[in-house]
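[1] fold the following for me, if possible:
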Amino acid sequence: MASQNGEPFFLPAEKAQSLANYPHARIIQQSAKTIFVSGTSSRRGDNTVAGCTTDADGTHHLDISLQTEAVLQNIGAIIDGATNGACGLQNVVNATVFLTDMKDYAGMNTEWNKCTVLWAE
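    Prediction:
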């Protein structure tokens with residue numbers, strides 16, 4: 001079924017399947033407009049970083065779930081602003097995620113899947 005963010009395409013069952021909740025590709029109508037969002041972090045407007053606390057000795061403690069939630073909120077705000085409120089995270093077609101440590105994958109993916117419900121149809 002086609003949606004605003006394209007028709008999902010899934011590989012046949014005998015091929016490698018997605019580990020997360022997303023199609024392998026989306027087929028977009030030619031009349032659609034495209035926005036490319038630059039690399040985004042969990043940095044807030046006051047230059048603090050969501051999901052990062054610092055001890056008195058300067059040791060940083062990172063929470064990938066809070067960081068991922070903040071990144072998705074920041075991306076949503078970028079899309080909303082760039083389209084004057086006409087689009088949001090539900091219109092995302094593709095995303096590339098970079099993790100500095102694969103041990104963070106499960107925590108990132110938990111937050112990611114909360115958001116992908118918007119575009120998994």
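[2] pretty sure Glu111 sits against Ser65.
    Yes. Counting by Cβ atoms under 8 Å, Glu111 touches Ser65, with 5.3 Å between them. Bear in mind the C-beta positions are built from the backbone N, C-alpha and C, glycine included.
[3] tell me what the least confident helix or strand in the chain by mean pLDDT is packed against?
    Here the helix or strand of the chain ranked lowest by mean pLDDT, DSSP states H and E is strand 25-27, holding a mean of 72. The helices and strands touching strand 25-27, judged by 3 or more Cβ pairs under 8 Å, 6 or more residues apart in numbering; DSSP states H and E, are strand 7-9.
[4] so which bits of the strand it packs on are buried?
    For strand 7-9, a neighbour-count test (16 or more other Cβ atoms under 10 Å) marks Pro8 as buried.
[5] output stretch 35-48 in PDB with nothing but the alpha carbons.
    C-alpha atoms of stretch 35-48 as PDB (Å, rounded to 0.1, in the frame of the first residue of the first chain):
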ATOM      1  CA  ILE A  35      14.800  17.000   1.800                       C
ATOM      2  CA  PHE A  36      18.200  15.700   2.900                       C
ATOM      3  CA  VAL A  37      18.900  16.200   6.600                       C
ATOM      4  CA  SER A  38      22.500  16.600   7.600                       C
ATOM      5  CA  GLY A  39      24.200  14.700  10.400                       C
ATOM      6  CA  THR A  40      22.300  15.300  13.600                       C
ATOM      7  CA  SER A  41      23.300  14.700  17.200                       C
ATOM      8  CA  SER A  42      21.500  14.900  20.600                       C
ATOM      9  CA  ARG A  43      22.900  18.400  21.200                       C
ATOM     10  CA  ARG A  44      20.300  20.800  22.700                       C
ATOM     11  CA  GLY A  45      19.900  24.500  22.000                       C
ATOM     12  CA  ASP A  46      22.000  25.400  25.100                       C
ATOM     13  CA  ASN A  47      24.900  23.200  23.800                       C
ATOM     14  CA  THR A  48      24.300  20.500  26.400                       C
END
